[in-house]
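1. Predicted structure and sequence below. I'll ask about it afterward.
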Amino acid sequence: MFPTLGAMKNKRRVVMDAEGIDRSLTRVAYEILEKNKGLDDLVLIGIRTGGVYLAHRLQKKIAAIEGREVPLGILDITLYRDDLSRINKKPRLGKTEIAFSLNNMKVVLVDDVLFTGRTIRAAMDALIDFGRPRLIQLAVLIDRGHRELPIRADFVGKNLPSSLWEEVSVNLTEKNGTDEVVIEPEPEE
Amino acid sequence: MKWERKDILGIKDLSREEILLILDTADSFLEVSTREIKKVPTLRGKTIVNLFFEASTRTRTSFEIAGKRLSADTINISSSTSSVVKGETLIDTARNLEAMNPDVIVIRHSAAGAPQMLAGLIKQSVINAGDGAHEHPTQALLDMMTIRAKKGRLENLRIAIVGDIAHSRVARSNIYGLKTMGAQVAVAGPATMLPRDMERMGVEVHSSLEKALPGADVVMMLRIQVERQHQNIFPSLREYAQRFCLNGKNISLAKPDVLVMHPGPINRGVEIAPEIADGPFSVILDQVTNGVAVRMALLYLLTGGKE
């Protein structure tokens, strides 16, 4: 069988390679420091699981620029999801590890892909339960649009307009062995 | 591993994978109780009924706190304040509760099998909080969680369970769970307190404490049910204490890093000496803390959507 035109269009596309990801993160690290005028009272919170790897990378880059490490926490947003009473099987719960107070801190939330905004809504609700941060900012590697809530990112690695039915995957060495951002084909009917 | 069960009736029918999922989930829930705001919105709008036909402080409070920390509404019904004293049967009580549409019913009953019967009658999830001398699954799960947290594993550990094995649902649930997870279990107690078919459960049976302790990584002391004294299964508390009380002397027979556990409430000086209950080997209060996390994990896993 020859592939149809539709199937051709739906081929897997790599939209960002390892160097692209690294350069974007370097720029985002500088932007975070610029906007916050240094790293006083700054903390990074990575959202499980992709955001955690990216937060670690940003932490390293910031340390290389400023010579000092920012505290890093890990947030699992599962308990704050808005679809828990609708989905049939409960998602596996990961550990939240925030070993410092968030009171009066400038929190930079880190995630891999910003899509509907629902994850970020859940993350903000969770953070508020840990204290009262002075402010919360959002850093993402990919902003693919299609927001369902009034949420925007402060730091964006790459804006990636995508179709609602496509899947955008951020593969990271720590997770799947390679660094790349891929648009996966629409699932065939 | 996907969760498929409607009810938690006993440890006997849980697989290794199910136990691991519960313990992992409970580990993640432990952190919620350390927060400034000890509450997550996960079970908003869900209702949990604690139906206790037998006295309990620890287990009932633990379930109540677990439900509240998940934002569920929890309602406690104990037999002394319910229509049970007016002669209502368990089946009628259950049907009436079902009509009020709760999401989970936690039941403790003196009759073995009561939770099972309830689970078969109603569509809501049922959690067994102790039924007669049958099972007490949440206690065994919190015990396994505590052991795993301290020892890093359950496989190939040697666990000694000491006391009234025959009447203990805690012992039975722990034996099922620990065997499933690959631990070795030894039990010890007076002959009148050891069931006859014990070896068939794959455990070592000893009639003295000193024989069960050597090489033990964990010693679980069971509560002596003082109210059973009149059933002639032991001559006196003093004699029991002389032979089976865990104290500063006999504990040295176990491994140097032994964990001492007790499901509570403790009879100080009967099954466990005060200096051991409050001593460095004791993880009795960790058990209580972990109990809340285990119950949160079960409530979370059981309250799936209706689609």
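-> Noted; the coordinates are in hand.

2. contacts, neighbours, all on C-alpha from now
-> Noted.

3. what sits against residue B:279?
-> Under the criterion of CA atoms under 8 Å, 6 or more residues apart in numbering or on different chains, residue B:279 has no neighbours.

4. Can you check the pLDDT for it?
-> Residue B:279 carries a pLDDT value of 95.

5. which phi and psi does it have?
-> Backbone torsions of residue B:279, given as degrees, to the nearest 10, read phi -80, psi -180.

6. which element is the residue minimising distance to the centre of chain A on?
-> With distances taken as CA atoms, centre = their mean, chain A has residue A:111 as the residue nearest its mean C-alpha position (1.2 Å). Assigned by DSSP states H and E, residue A:111 belongs to strand A:106-114.

7. List the contacts of residue A:140.
-> Applying CA under 8 Å, 6+ apart, the residues near residue A:140 are A:110, A:111, A:112, A:113, A:114, A:153, A:155, A:156, A:157.

8. so how far is chain B from it?
-> Distance check for residue A:140 against chain B: by CA to the nearest CA, to the nearest Å, it reads 25 Å.

9. ranges for the strands of the chain?
-> Chain wasn't specified; assuming chain A. A:13-16, A:42-47, A:72-75, A:106-114, A:135-143, A:155-159, A:167-171, A:180-184 (DSSP state E).

10. actually it's chain B I care about, not the one you picked
-> Using DSSP E, strands in chain B cover B:47-52, B:73-78, B:104-109, B:125-131, B:158-162, B:184-188, B:204-206, B:218-221, B:259-261.

11. Compare the ones you listed and give me the one nearest residue B:292.
-> Closest to residue B:292 of the strands of chain B is strand B:125-131 (CA to CA; 12.9 Å).

12. which strands and helices sit next to that closest one?
-> strand B:104-109, helix B:114-121, helix B:137-151 (3 or more CA pairs under 8 Å, 6 or more residues apart in numbering or on different chains; DSSP states H and E).

13. let's see it at 7 Å
-> strand B:104-109, helix B:114-121 (3 or more CA pairs under 7 Å, 6 or more residues apart in numbering or on different chains; DSSP states H and E).

14. Tell me, how many residues neighbour the closest residue in space to the residue nearest to the centre of chain A that isn't next to it in sequence?
-> Distances taken as CA to CA, 6 or more residues apart in numbering or on different chains put residue A:51 closest to residue A:111, at 3.8 Å, once the chain neighbours are dropped. A count of neighbours around residue A:51, defined by other CA atoms under 10 Å in any protein chain shown, yields 22.

15. give the contact list for the closest residue to residue B:78 other than its chain neighbours.
-> Closest residue to residue B:78 apart from its sequence neighbours, by CA to CA, 6+ apart: residue B:52 at 4.6 Å. By CA atoms under 7 Å, 6 or more residues apart in numbering or on different chains, residue B:52 lies in contact with B:77, B:78, B:79, B:107, B:108, B:109.

16. how near is residue B:52 to chain A?
-> 27 Å.

17. Residue B:269 too?
-> Distance from residue B:269 to chain A, by CA to the nearest CA: 40 Å.

18. on that earlier part again, quick one: pLDDT of the residue nearest to the centre of chain A?
-> For residue A:111, pLDDT reads 97.

19. now residue B:86
-> Reported pLDDT for residue B:86: 67.

20. what do you get for residue A:98?
-> 95.

21. quick one: which of the contacts of residue A:140 is most hemmed in?
-> residue A:110 (30 neighbours).

22. what angle separates the lengthiest helix in chain B from strand B:125-131?
-> Counting by DSSP state H, the longest helix found in chain B is helix B:284-302. Going by axes from the mean of the first three to the mean of the last three CA atoms, to 10 degrees, helix B:284-302 is angled at 150 degrees with respect to strand B:125-131.

23. Name the spans of the stretch 151-300 of chain B whose pLDDT lies under the cut-off.
-> Along the stretch 151-300 of chain B, the parts satisfying pLDDT under 70 run over B:228-229.

24. Try it again at 90.
-> B:192, B:196-201, B:225-237 (pLDDT under 90).

25. pLDDT at the residue nearest to residue A:111, what is it?
-> Value for residue A:51, per-residue pLDDT: 96.

26. Perfect, I'm done here.
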